[in-house]
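>>> pasting the sequence and the predicted coordinates here, then a few questions.
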Amino acid sequence: DNTTFHIDITKIERGEDLRTTVMIKNIPNKYTQRNLLELIDANHLGSYDFFYLPIDFKNKCNLGYAFINLKSPGHIPGVFGDFAGKRWERFNSEKVCVVSYARIQGKQSLVQHFRSSRLLLKHEKYRPVVFNDDTGKHEMMRACSSPRPPSAAAGPYA
């Protein structure tokens with residue numbers, strides 16, 4: 001049911017929808033984590049506390065979607081306005097960005113979901129970025145001691 005993940009700006013403004021995690025879709029595969037964070041940070045620096053752009057390790061390119069958790073629902077309209085329905089500036093892409101709610105909601109739930117994932121054993125630049133509330137800096141998630149088996153690894157609709 002696509003309506004479950006549909007972003008309704010009016011509901012956010014009325015305080016009727018308190019979700020904070022969005023999925024940005026149709027990202028051109030050549031975009032790197034750095035490219036996308038620069039684009040997001042241009043207008044939204046400090047408004048999010050979790051970011052993850054899944055990467056195909058074999059081909060070294062992104063899978064076409066990313067997750068970002070905003071610090072409050074009030075930041076979603078700005079991100080939605082800047083990205084939803086817009087073409088990507090780099091790499092001559094014809095793709096049009098789609099922004100929807102993610103299935104997993106909130107920084108803590110996202111960190112918990114990805115903490116034991118095998119992806120944390122990969123190179124640091126492929127890991128989710130978490131905003132440290134104490135230092136005010138973005139940090140790559142660290143691997144924990146026992147990763148989940150591959151069958152339980154994060155899928156495309158995490």
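Noted; the coordinates are in hand.

>>> list the contacts of residue 91.
Neighbouring residues of residue 91 by C-beta atoms under 8 Å, 6 or more residues apart in numbering: 28, 30, 31. For glycine as for every other residue, the C-beta is placed from the backbone atoms N, C-alpha and C.

>>> what secondary structure does the nearest residue to the first one once chain neighbours are set aside sit in?
Sequence neighbours aside, residue 93 is the residue nearest to residue 28 in space, at 4.0 Å (criterion: C-beta to C-beta, 6 or more residues apart in numbering). Using DSSP: H, G, I helix; E, B strand; the rest coil, the structure places residue 93 in coil.

>>> from the contacts of residue 91, keep the buried residues only.
Taking 16 or more other C-beta atoms under 10 Å as the criterion, what is buried in the contacts of residue 91 is 28, 31.

>>> mind putting the contacts of residue 91 in CSV, secondary structure and pLDDT included?
Shown next, in CSV, are the contacts of residue 91 (DSSP: H, G, I helix; E, B strand; the rest coil; pLDDT from 0 to 100):
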residue, secondary structure, pLDDT
28, coil, 96
30, coil, 91
31, coil, 93
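
>>> and of the contacts of residue 91, the nearest to residue 19?
Of all the contacts of residue 91, residue 31 has the smallest distance to residue 19: 24.4 Å, by C-beta to C-beta.

>>> the helix or strand where residue 36 lies packs against which elements?
Residue 36 is part of helix 33-44, with elements assigned from DSSP states H and E. Judged by 3 or more C-beta pairs under 8 Å, 6 or more residues apart in numbering; DSSP states H and E, helix 33-44 is in contact with strand 48-52, helix 76-83.
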